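**Q** heads up, no residue letters with this:
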């Protein structure tokens, strides 16, 4: 991960005119307890600024374990980041909101089970690349900070649960470009 | 550890599922169900360097992850 990076031939902040630039995340995420991971891929040596945040290897699960799939609602799910910490000791605070629009016993039981693990979270990019944003890492896990939901009230109420996770990292977010380990259910 | 599912018949004698016991696979080349996957897709996964499906008694060039 990042130490000091100062390649002036590579760094830059820009927007490519005409590029698609869609807000939001795909409706597929995976919670992966760190204790269930055999080998965790990570960002490699910083040859380019992009490599500071790109994870191109594959996470490998302990045999018998699998990621927990989360089918989210596009309109109400996303990730955020912002700087935290004191002057010259900054770190990025990463946030995730996942909205699950149902109250099935399967979903509610899963919420009961997942509340106290340390995770990495993979959530699909909306750009159609088939790659994922990753929150949390082998250094600092993501944890669930809140689960809020309900039945909704009356005909216009909202059914389901919002799951909020938080982590910290030296980068705003990581780009996971490896395989998602197989899962037992479609999510 | 035993698989929790019955693998696709297309894998019989040609491919082996390893490092997992479950069937829904979101690989970097697409999403596959190991219960119904075709031999052609299994071969594509092997060539992509998958950790979860291996060819039996065959040698393929696999893509290395870009560092």
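**A** Perfect, I can see it now. Note that the structure is predicted; figures quoted are calculated from it, not measured. Numbers count the residues shown, from 1 in each chain, chains lettered A, B, ... in the order given.

**Q** just for chain B, where's the confidence low?
**A** Counting by pLDDT under 70, chain B contains low-confidence ranges at B:58-67.

**Q** low pLDDT regions in chain A?
**A** For chain A, the stretches flagged by pLDDT under 70 are A:1-3, A:186-187.

**Q** near chain B, which residues of it are found?
**A** In this structure, chain A approaches chain B at residues A:28, A:30, A:44-45, A:47, A:56-58, A:60-61, A:63-64, A:66, A:69, A:130-131, A:177-187, judged by Cβ under 8 Å from any Cβ of the partner chain. Using the backbone N, CA and C atoms, a C-beta is placed for each residue, glycine as well.

**Q** filter those residues down to the buried ones.
**A** A:28, A:30, A:44, A:56-58, A:60-61, A:66, A:69, A:130-131, A:177-184, A:187 (16 or more other Cβ atoms under 10 Å in any protein chain shown).

**Q** which of the residues you listed fall in strands?
**A** A:28, A:30, A:60-61, A:69, A:180-183 (DSSP state E).

**Q** farthest pair in the residues you listed?
**A** The largest separation in these, counting by Cβ to Cβ, is between A:28 and A:60 at 20.0 Å.

**Q** do a quick rundown of the strands in chain A.
**A** A:25-33, A:37-39, A:54-55, A:60-61, A:68-70, A:78-84, A:91-100, A:118-125, A:132-135, A:142-150, A:160-169, A:174-176, A:180-183.

**Q** and the last one, what does it pack against?
**A** Applying 3 or more Cβ pairs under 8 Å, 6 or more residues apart in numbering or on different chains; DSSP states H and E, one finds that strand A:180-183 makes contact with strand A:25-33, strand B:24-27.
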